[in-house]
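I would like to see how this sequence folds:
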Amino acid sequence: MERVAIIMAMEAEAAPLRAALGATAIAGPAWAAALPVRLAHAPAAGTRPEVLLAVNGTDPATGVDCIGSTAAALSTQVALSTGSFDLVVTAGTAGGWQRSNAEIGDVYIAWPHITCHDRRIDLPGFDQFGRADISTADLRLLAADLGCRLGIVTTGDSLDESPTDCERILANGGKVKEMEAAAVAWVAQLHDTPVTAVKAITDLVDSPVATATQFTANLAAAAESLQATMVDLIDRLGDQ
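Sure thing, here's the model as predicted:
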């Protein structure tokens, strides 16, 4: 692989990786100048491929990170409008479940697909569109080498898990719950570009401790785990 695009939602998730890659800020395309998306570029080095890192940026109205599927789709389109890529990686933090033996700090690579759990459209054809079910690049061997777990990544636009979400996630076999991957995967699919998700666990959804409390307490440590895995993954992708 020669060029990889990485899409991330939060600055706290992206900063360690940006620093580790030595990526520097670059201007986006002129048409996206008014958007909050921020791009950084790391040139190829040795066998490491060239990397474009796109971060959703800060919402101008509230001043917080633009998390969620809408911003993720926008960032992916901005990134992929700059040229062709061999792989798109949606990277960030996420929730797991005690029932799946997930632990805080575990890093998952999506396999065999990314799906949605909160787009409920009970109409013929639209139900399938709502679920997404987008296949991911087969990185199973790399996942084993990196000590990562494999599982279906399921996307919704809420931090918590409603009873309906829980039912749908049990039905779709999701092992990782987050807020961006399916949107990134959908845009990557439109560009005919392979996609994967790399997610570090910050919280256990079925823990008695509130998700928001766990997320806040574990974000920094999970971001460091994510950074270490991502750097190792990128280095190995150069040999693919």
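
Would you agree residue 110 is in contact with residue 196?
Yes. If you go by CB atoms under 8 Å, residue 110 and residue 196 touch, sitting 5.5 Å apart. C-beta: built from backbone N, CA, C; applies to glycine.

which residues do the two both contact?
residue 136 (CB atoms under 8 Å, 6 or more residues apart in numbering).

more neighbours, the two?
Set residue 110 next to residue 196 and count neighbours by other CB atoms under 10 Å: residue 110 wins out with 29 against 26.

For that one, give me its contacts.
136, 150-153, 176, 181, 196-199.

Which members of the residues you listed are positioned in strands?
150-153, 176, 196-199 (DSSP state E).

Could you pick out the buried ones from these?
150-153, 176, 196-199 (16 or more other CB atoms under 10 Å).

Determine which two of these are furthest apart.
152 and 198 (14.0 Å; CB to CB).

What lies in contact with stretch 112-120?
Residues contacting stretch 112-120 (CB under 8 Å, 6+ apart): 90, 129-136, 152-158, 164-165, 168-169, 172, 174, 177, 181-182, 185, 195, 197.

7 Å instead?
The contact list for stretch 112-120, computed with CB atoms under 7 Å, 6 or more residues apart in numbering, reads 130-136, 152-158, 165, 168-169, 172, 174, 181-182, 185, 197.

Just the buried residues from these, in PyMOL please.
In PyMOL, this line selects whichever of the contacts of stretch 112-120 come out buried by 16+ other CB under 10 Å:
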select buried, resi 130+131+132+133+134+136+152+153+154+155+156+165+168+169+172+174+181+182+185+197
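
Restricted to helices, list the contacts of stretch 112-120.
Mapping the contacts of stretch 112-120 onto helices (DSSP state H) picks out 130-131, 165, 168-169, 172, 181-182, 185.

and the residues you listed as JSON lines, adding distance to residue 49 and pLDDT?
Below are the ones in helices among the contacts of stretch 112-120 laid out as JSON lines (distance: CB to CB, whole Å; pLDDT from 0 to 100):
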{"residue": "130", "distance to residue 49": "34", "pLDDT": "94"}
{"residue": "131", "distance to residue 49": "32", "pLDDT": "94"}
{"residue": "165", "distance to residue 49": "36", "pLDDT": "97"}
{"residue": "168", "distance to residue 49": "36", "pLDDT": "96"}
{"residue": "169", "distance to residue 49": "33", "pLDDT": "97"}
{"residue": "172", "distance to residue 49": "32", "pLDDT": "96"}
{"residue": "181", "distance to residue 49": "21", "pLDDT": "98"}
{"residue": "182", "distance to residue 49": "25", "pLDDT": "98"}
{"residue": "185", "distance to residue 49": "20", "pLDDT": "98"}
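
Now residue 40: closest residue in space that isn't a chain neighbour?
residue 23 (3.9 Å; CB to CB, 6 or more residues apart in numbering).
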